[in-house]
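Chemist: Below are the sequence and a predicted model; questions follow.
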Amino acid sequence: MTEAGWTKLGLLAGGGDLPLEILKAQAGKPVFVIALRGFADRDYSHADTVFKSVGEIGGMIKALRAAGCDAVCFAGYVTRPDIKSLKMDARGLIMVPRALAAGRKGDDAVIRVVVDEFERAGFAVVGADSLIGQGGLPAGVIGDPGLVEAHRDDVTKAMSVAAEIGRLDIGQGAVVAGGIVLAVEAQEGTNGMLDRVAGLPDVLRGRPGDRMGVLAKRPKPIQERRVDLPTIGVDTVERCARAGLAGIVLEADGALIVDRDGVEAALAEHGLFVLIEAVR
């Protein structure tokens, strides 16, 4: 039994690097991976792994129990699937009416339905932040603090817009440049939003050598913080750089940074900053 009250972790891995970061942080401890088909896009061959559709809830629970897991962590991005074409088992089908009803309220409501199902099955749900040692990301600046002040108005507005779309359960992120809202995150996710910004005219979004604007990411007010915390990594920095942005703003105690060393190197290479801001 660990200090947290569980003994073996089951990792439900979606897309991106966060699941691998968790495996790295938990090296030497037993971890069982369920790679989600259509979303998991990294190599898990070095771990004890099975593949499941996101609709195979019963299959996941059965596999977790067979592996001796008593805790689960949801990590990596998963977009809302097309239920009509989704492979589902009996338990997944039973969940459909609840998931559809929750979906009318927003993505976070759907997440709470899924979390509740695993808790009712007897698993402790563990936040990724606690597993990678980022429980409580402190306020501060990565990069040049002077750049933050040069873009302070965009920082303030982007954080305000991100808070508002979070209140409406639309998304977690917003991009503001020169006081203009260039994009808000919806179903396409952060990467899709940044790629969309990169397609805008340079006069709106800046360019290398004359960067302008910021990406803000913050949790929704109703966020299930054990799942889907705002996360950035090297890929986020690279996409912000291609979009001509000057920096990224996160909420202290409300975000994750994957591969901190790599992020710092990418920020230095492109001349961007990350501001981790305390929010009252």
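Modeler: Yes, it's here. Residues are numbered from 1 along each chain as shown.

Chemist: Same question for the longest helix along the chain: list its buried residues.
Modeler: The longest helix of the chain (DSSP state H) is helix 152-167. Within helix 152-167, the residues that count as buried by 16 or more other CB atoms under 10 Å are Asp154, Val155, Thr156, Lys157, Ala158, Met159, Val161, Ala162, Ala163, Ile165, Gly166. Quick note: C-beta positions are derived from backbone N, CA and C, even for glycine.

Chemist: List just the nearest of those residues to Val175.
Modeler: Checking the buried residues of helix 152-167 against Val175 with CB to CB, the nearest one is Ala158 at 6.8 Å.

Chemist: could you dump stretch 14-32 to CSV, C-alpha only?
Modeler: As requested, C-alpha coordinates have been extracted for stretch 14-32 and formatted as CSV (Å, rounded to 0.1, in the frame of the first residue of the first chain):
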residue,chain,number,x,y,z
GLY,A,14,-4.5,9.1,-24.8
GLY,A,15,-2.4,11.2,-27.3
GLY,A,16,0.7,13.1,-26.6
ASP,A,17,3.7,12.8,-24.3
LEU,A,18,2.1,13.0,-20.9
PRO,A,19,1.5,9.3,-20.5
LEU,A,20,5.2,8.6,-21.2
GLU,A,21,6.2,11.3,-18.7
ILE,A,22,4.1,9.5,-16.1
LEU,A,23,5.8,6.2,-16.9
LYS,A,24,9.2,7.8,-16.6
ALA,A,25,8.3,9.4,-13.3
GLN,A,26,6.9,6.0,-12.0
ALA,A,27,10.0,4.0,-13.1
GLY,A,28,10.5,1.0,-10.8
LYS,A,29,6.9,1.0,-9.8
PRO,A,30,4.2,-1.3,-11.3
VAL,A,31,2.2,0.4,-14.0
PHE,A,32,-0.3,-1.2,-16.4
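
Chemist: How much space separates Asn89 from Val96?
Modeler: Residue 89: Asp, not Asn. To Val96, Asp89 is 11 Å away according to CB to CB, to the nearest Å.
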